[in-house]
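Colleague: What shape does this take:
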Amino acid sequence: ALELLVTCDFVLSETAAMGDVVLPVAQWAEERGTMTNLEGRLLRRRAVLEPPAGVRTDLEVLSALAVRLGQPAERFPQDPDAVLAELGRASAGGGADYAGVTPQRLEAGEEVFWPAPHAGASTPRMFLDGFAHPDGRARFAAVGHRPSAEEPDAEYPLFATTGRMMGHYQSGAQTRRIGELAAAEPEAYVEVHPDTGARAGLGEGDWARVVSRRGATLARVRHRAGARTDTVFLPFHFGGEQAANNFTNPV
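Modeller: Predicted coordinates for the structure are as follows:
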């Protein structure tokens, strides 16, 4: 629906293929800088390889674009350490305070977890002594049950849920290009209780069309005795006719 779609990627994913402009960008082994993992630990990234000719980092793309739009180059630095320092200034005093994070601390091997509001500060585990309220106590909010936006009925009698499989990652744009992973999990599947499959006339290994009011997805049947009889499961790592988003509800 966009008038102009510019994508940055290093493989031509389904999304990138829709772009009016596709910019090749460096990947994690081709970049240096800092990242934060899911436990809040700051990690120092070091480039292992030089990117191919003509490939830029995301910071270089943003900087060049900003300059083309009339901004001074120094306002959008390409150096990751300069951006880290800017993040520290921008987050100072906030809940996710990076003000005390420096490349020197990380290079020295220090374990740094955010929030790290000043030099030497690190928070391996948050909320040990209190919460971010004047009295230090947590706030609980009562949440009432809200049913699904679309309940099963006589025409569409099953719930469908989507999720991950071990062999692929996210949209599969990278992992489906790896021979070993593609061979192990080559196609979308739908996990169905054997009784549910029998009622639909579907045996183990059959192709099935999983249909909703919005569309249909093609998937290989896998009978799972531990599945609920009112629910089917599909992974979301595939594209084209096997894309789970063909039938999912945008709600």
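
Colleague: can you map out the strands along the protein?
Modeller: Remark: strands assigned in the chain by DSSP state E are 6-9, 21-24, 33-36, 42-45, 159-163, 189-192, 207-211, 216-223, 231-235.

Colleague: what's the most buried one of those strands?
Modeller: Comparing these by mean neighbour count (mean count of other Cβ atoms under 10 Å), strand 189-192 ranks first with a mean of 23. Just so you know, the C-beta spots here come from the backbone N, C-alpha and C atoms, and that holds for glycine as well.

Colleague: ok, now which ones touch residue 233?
Modeller: Residue 233 makes contacts with 160, 161, 162, 163, 190, 191, 227, as judged by Cβ atoms under 8 Å, 6 or more residues apart in numbering.

Colleague: got the contact list for residue 245?
Modeller: Applying Cβ under 8 Å, 6+ apart, we find residue 245 in contact with residue 236.

Colleague: let's see it at 10 Å
Modeller: Applying Cβ atoms under 10 Å, 6 or more residues apart in numbering to residue 245 gives the contacts 162, 171, 214, 215, 217, 236, 239.

Colleague: where's residue 100 relative to residue 110, distance?
Modeller: 11 Å (Cβ to Cβ, to the nearest Å).

Colleague: Quickly list what's touching both of the two.
Modeller: 116, 120, 122.

Colleague: Surely the first one and residue 87 touch.
Modeller: Translated: residue 116. No: contact criterion Cβ atoms under 10 Å: residue 116 and residue 87 do not qualify, at 11.3 Å.

Colleague: Comparing these two, which shows the higher neighbour count?
Modeller: Counted by other Cβ atoms under 10 Å, residue 116 and residue 87 do not tie: residue 116 has more neighbours, with 24 against 16.

Colleague: State the distance from that one to residue 99.
Modeller: For residue 116, the distance to residue 99 equals 7 Å [Cβ to Cβ].

Colleague: Over to residue 80?
Modeller: From residue 80 across to residue 99, the span is 17 Å (Cβ to Cβ).

Colleague: And the pLDDT for the spatially closest residue to residue 241 that is not a sequence neighbour?
Modeller: Distances taken as Cβ to Cβ, 6 or more residues apart in numbering place residue 218 nearest to residue 241, at 4.4 Å, with adjacent residues excluded. With respect to pLDDT, residue 218 has a value of 97.

Colleague: if we can go back for a sec, turn the strands of the chain into JSON lines, columns for distance to residue 149.
Modeller: Shown next, in JSON lines, are those (distance: least, Cβ to Cβ, whole Å):
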{"stretch": "strand 6-9", "distance to residue 149": "30"}
{"stretch": "strand 21-24", "distance to residue 149": "35"}
{"stretch": "strand 33-36", "distance to residue 149": "33"}
{"stretch": "strand 42-45", "distance to residue 149": "39"}
{"stretch": "strand 159-163", "distance to residue 149": "12"}
{"stretch": "strand 189-192", "distance to residue 149": "21"}
{"stretch": "strand 207-211", "distance to residue 149": "18"}
{"stretch": "strand 216-223", "distance to residue 149": "19"}
{"stretch": "strand 231-235", "distance to residue 149": "16"}
